[in-house]
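Peer 1: Here's my sequence, what's the structure:
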Amino acid sequence: MFKGDLRKVYKLKRSSLTNTETLSLEIANKTLEIDIWNFQNYHVFFPIEKHKEVDSKLIIQIVQGKDKNVILPKLNLESKTIDSFLLTDSTLIKTNHLGISEPFNGIQINNNQIDLVFVPLLAFDNFGHRVGYGGGYYDKFLSKCPRAIKVGLSYFDPINKIEDINSKDIKLDYCITPNKVYKFSE
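Peer 2: Below is the predicted model of the structure:
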């Protein structure tokens, strides 16, 4: 399938889910099954609740419980990029006009300091390619974090192949679903 078709199908599939809390908890628990916890800086998105994204706040709790740093994304709508901020006790979080909670202030972090990125997505394939909302924010961001491990979070299992992958699409290293952890190799 093509990305545009996949966006339509998976937005509809996700909107019809009624058990996202349970599924998100299963995904968070699956993060503990893979060897990703020996780093310091974990980039974690806040979920867009109206779109029923995976509740990554559970993963933030795990990261904090392991005494690691949580780095939050903030969209720069003018440049269509993502800036990163350290989550501290004094970080003020606000919801932007797109319904995304993000840091309003704080300590900005350089991309080369990020060890692992939890990546939102709508769908992914057996090769580690993903489909997001189509803005290109995460692909641009991930291209600037070349050493970071990229971990997608999905309620659904992979499709066989996304047909219209291009050179700007950044592959995942892992994708975690409620039932399985998928690992992708080069």
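
Peer 1: Now the residue nearest the centre of the chain: closest residue in space that isn't a chain neighbour?
Peer 2: With distances taken as C-alpha atoms, centre = their mean, the chain has V119 as the residue nearest its mean C-alpha position (1.8 Å). Once flanking residues are discounted, V119 sits nearest to G152: 4.8 Å by C-beta to C-beta, 6 or more residues apart in numbering. (Glycine included, C-beta is placed from N, CA and C.)

Peer 1: now do E21
Peer 2: Nearest to E21 is D55, by C-beta to C-beta, 6+ apart, at 6.9 Å.

Peer 1: What is the burial count for that neighbour?
Peer 2: Burial of D55 is recorded as 19 neighbouring residues (other C-beta atoms under 10 Å).

Peer 1: now swap in the one 5 residues further on and tell me
Peer 2: I60 is flanked by 19 other residues according to other C-beta under 10 Å.

Peer 1: Now it: phi and psi?
Peer 2: phi -60, psi -40 (degrees, to the nearest 10).

Peer 1: Enumerate every residue touching it.
Peer 2: 44, 70, 87 (C-beta atoms under 8 Å, 6 or more residues apart in numbering).

Peer 1: Walking through this structure, point out its helices one by one.
Peer 2: Using DSSP state H, the helices of the chain run over residues 3-15, 20-31, 57-65, 137-143.

Peer 1: quick revisit: could you tell me which residues make contact with the residue nearest to V119?
Peer 2: Contacts of G152 (C-beta under 8 Å, 6+ apart): 118-121, 124, 130, 172, 174-176.

Peer 1: What residues are bridge-paired with it?
Peer 2: V119, C175 (DSSP bridges).

Peer 1: gap between it and T18?
Peer 2: Distance of G152 to T18, computed by C-beta to C-beta, to the nearest Å: 22 Å.

Peer 1: now L6
Peer 2: 22 Å.

Peer 1: and if you look at F127?
Peer 2: Distance from F127 to T18, by C-beta to C-beta: 30 Å.

Peer 1: same question, L87
Peer 2: Counting by C-beta to C-beta - L87 and T18 are separated by 30 Å.

Peer 1: neighbour count winner among these two?
Peer 2: Remark: of L87 and T18, L87 carries more neighbours, 20 against 8, as counted by other C-beta under 10 Å.

Peer 1: related to what we said a few turns ago, arrange the contacts of G152 in a markdown table, one row each, with pLDDT as further columns.
Peer 2: Putting the contacts of G152 into a markdown table (pLDDT from 0 to 100) gives the following:
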| residue | pLDDT |
| --- | --- |
| F118 | 98 |
| V119 | 98 |
| P120 | 97 |
| L121 | 97 |
| F124 | 98 |
| R130 | 97 |
| L172 | 98 |
| Y174 | 98 |
| C175 | 98 |
| I176 | 98 |
